[in-house]
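Trainee: Sequence first, then the predicted structure, then my questions.
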Amino acid sequence: MAIKSTADKVATIQKGYTLEGATIELGAAIVDGEVHMDAPVRLPLSMMNRHGLVAGATGTGKTVTLHMMAEQLSNAGVPVFLADIKGDLSGLATAAAGSEKLKARTDGIGQAWAGKTFPVEFLALGGDGNGIPVRATITSFGPILLSRILELNDTQESSLQLVFHFADKNNLELIDLKDLRAVIQFLTSDEGKDELEALGGLSKATAGVILRELVTLEAQGMEAFFGEPEFDTAELLRTAPDGRGVVTCLELPTLQTKPMVFSTFLMWLLADLFEDLPEAGDLDKPKLVFFLDEAHLLFNDASKAFLEAITTTVRLIRSKGVGIFFVTQTPKDVPADVLGQLANRIQHALRAFTPEDAKALKATVSTFPVSDYDLEETLTSAGIGEAVVTVMNEKGAPTPVALTRLRAPESVMGPSTEELVKSSVAGSALLVKYGTAVDNVSAYEKISGTKAASTGAAAPGQPPTPARDVFVPGSPVPGTDQAAVDADARRIEEEILGRPSSRPAPAPERPRSSERQAPPAQQEQGGGMMGDLAGALGGALGGGLKSMARSLGTQLGRELLRGVFGTSSRRRR
């Protein structure tokens, strides 16, 4: 094969990165050891919801790369979410100062550099840091994500799903850890043994294991992460008054002591967005770009259900206008099913000091398109702030591989001062909404109630109605209207299953109590379409959720099936 000249290689890159729409400027191509500012490397803004990977060894500049991308996304009016692992990303709120060294670098790649500040919102999980507290309720967090934090095995995870099902069915709100502990303690008590037996797949021994893990989690100080007011993920989609996208920076100051908790919380944020956002199709720019730093923490020792849920979320959230960029050391940190969906690649230098490193290097090279570079040599010799890039162009095809000298951020590449962060938090409108924790009546209060409040005399032949703030085993779920159930069932059959509803239209008058009811078998399965829907969802979610999907069919009027992570479609205050 003929050896291409430097001019031909540069021309290939120039042609491959000539794009029509708005772009994120990544830098200038390096060909045969020289930087060519006339060969800019870009990422189409409209393709950023095709997801991406920023990878490279420690110290090669991954954090600076996502910092630089976040700035340009904000300027383009796209909100950004960043997990601030090392505290460096708070510098987005402070304009950088120029220097001769910086000027030489930016001039060399054709970057018109000027120091700028960007609109930043600072968050902290449960108030663990200076940011606005981010909390989630246990019920919305769901059993799959909670199992991940509790490090439960598959059997214990399935059992926890049944506990959530019991709480949902009995209108026991799981707001914080004490609520879930109260439900499990009730199920393992003499009073709740009949309810435990009715759950079938939940043994008393397994419930005890979950309870012990829950107590351990509380002992580690995790109770601050669960509670109300719950963070509304719609806050991540805001723009500033000047039209720039707000950069939401989540502080993770104690990541190393609680890595699984933090990584799972990030997945909850994504899952909540996935459940709430409408379908958007192809947009000129994404609604949000979500950077998951230290992404390997998501996948370490993950259960099959958790991995399947991540894969499903990544695959489907694209059509809702959200782009996800995984930031980690090597592509091997990301499961193949997820990696195959990451169309945009920014690969910083890799090291090959050990046989395992060499194996990872070869695997990384094999994932790139054929190029004019010797990628094994290029990836081990690239300097700090340089990366091998290939992205998806506007036609959906990969761009040529280009070793790129990356642009410099225009804000501080390091932390902002603590005083600036605290003053930004104090002036934020979100502080009023989320700054103070509240403890409303929920499962703990209902189960611990000694007796129902008086409600007056019962109707002839009817039992007394319990107070709504006290849990009575076996009592019906309040607010269930069969007409509403049927209406929702018809809507879901038409919208989700894509076929005319098999349920009859509502009669002009409400059916009389003397009219015949549905056969028992139909009642158990949730009736007609709901039996089909429960069966389909049960098959998709696997055996652990199949029985739960079937039994939840009868509750459609109150709440539809939990989301892909078992997260709840609860709603906002």
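Mentor: It's in.
Trainee: is it true that D38 lies in a strand?
Mentor: Yes. The assignment for D38 is a strand, going by DSSP: H, G, I helix; E, B strand; the rest coil.
Trainee: Hmm, T188 and A207 touching each other?
Mentor: Yes. Counting by C-beta atoms under 8 Å, A207 does reach T188; the two are 5.0 Å apart. Bear in mind the C-beta positions are built from the backbone N, C-alpha and C, glycine included.
Trainee: residue ranges for the strands of this structure, please.
Mentor: Applying DSSP state E to the chain gives strands spanning 23-31, 34-44, 52-55, 80-84, 120-125, 132-134, 247-251, 288-292, 322-328, 344-347, 386-390, 402-406.
Trainee: Take those strands and lay them out in TSV including mean neighbour count, distance to L199 and mean pLDDT.
Mentor: Rendered in TSV, the data for these read as follows (neighbours: other C-beta atoms under 10 Å; distance: least, C-beta to C-beta, whole Å; pLDDT from 0 to 100):
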stretch	mean neighbour count	distance to L199	mean pLDDT
strand 23-31	24	51	97
strand 34-44	20	50	96
strand 52-55	25	42	95
strand 80-84	26	37	91
strand 120-125	24	32	93
strand 132-134	24	32	92
strand 247-251	26	36	93
strand 288-292	26	35	93
strand 322-328	25	36	93
strand 344-347	25	45	96
strand 386-390	24	51	97
strand 402-406	26	55	97
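Trainee: Overlap of the contact sets of A207 and T188?
Mentor: L196 (C-beta atoms under 8 Å, 6 or more residues apart in numbering).
Trainee: Those two: who's more crowded?
Mentor: Applying other C-beta atoms under 10 Å to A207 and T188 shows that A207 carries more neighbours, namely 23 against 20.
Trainee: what's the distance between the more buried one and I184?
Mentor: Applying C-beta to C-beta, to the nearest Å, one obtains 5 Å for the distance of A207 from I184.
Trainee: Find residues that contact each of these two.
Mentor: Taking C-beta under 8 Å, 6+ apart as the contact definition, A207 and I184 share the neighbouring residues V163.
Trainee: thinking again about what came up before, dump the strands of the chain to JSON lines, plus distance to T354.
Mentor: What follows is those, written out as JSON lines (distance: least, C-beta to C-beta, whole Å):
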{"stretch": "strand 23-31", "distance to T354": "27"}
{"stretch": "strand 34-44", "distance to T354": "31"}
{"stretch": "strand 52-55", "distance to T354": "17"}
{"stretch": "strand 80-84", "distance to T354": "28"}
{"stretch": "strand 120-125", "distance to T354": "34"}
{"stretch": "strand 132-134", "distance to T354": "38"}
{"stretch": "strand 247-251", "distance to T354": "33"}
{"stretch": "strand 288-292", "distance to T354": "26"}
{"stretch": "strand 322-328", "distance to T354": "18"}
{"stretch": "strand 344-347", "distance to T354": "19"}
{"stretch": "strand 386-390", "distance to T354": "21"}
{"stretch": "strand 402-406", "distance to T354": "24"}
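Trainee: quick one, which of those is nearest to G16?
Mentor: The minimum distance between G16 and the strands of the chain falls on strand 402-406, with 7.7 Å, by C-beta to C-beta.
Trainee: List the strands paired with the closest one, with their directions.
Mentor: Strands that pair with strand 402-406, judged by DSSP bridges, come out as strand 23-31 (antiparallel), strand 386-390 (antiparallel).
Trainee: can I get these in CSV with distance to T367?
Mentor: Compiled in CSV, these are given as follows (distance: least, C-beta to C-beta, whole Å):
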stretch, distance to T367
strand 23-31, 19
strand 386-390, 10
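Trainee: Figure out which of those strands is closest to S90.
Mentor: S90 sits nearest to strand 23-31 of all the strands paired with strand 402-406, at 21.5 Å, using C-beta to C-beta.
Trainee: contact partners of the closest one?
Mentor: Contacts made with strand 23-31 from outside it, assessed by C-beta under 8 Å, 6+ apart, are listed as 6, 9-10, 13, 35-37, 39-45, 48, 69, 72-73, 76, 108-111, 346, 372, 386, 389, 402-407.
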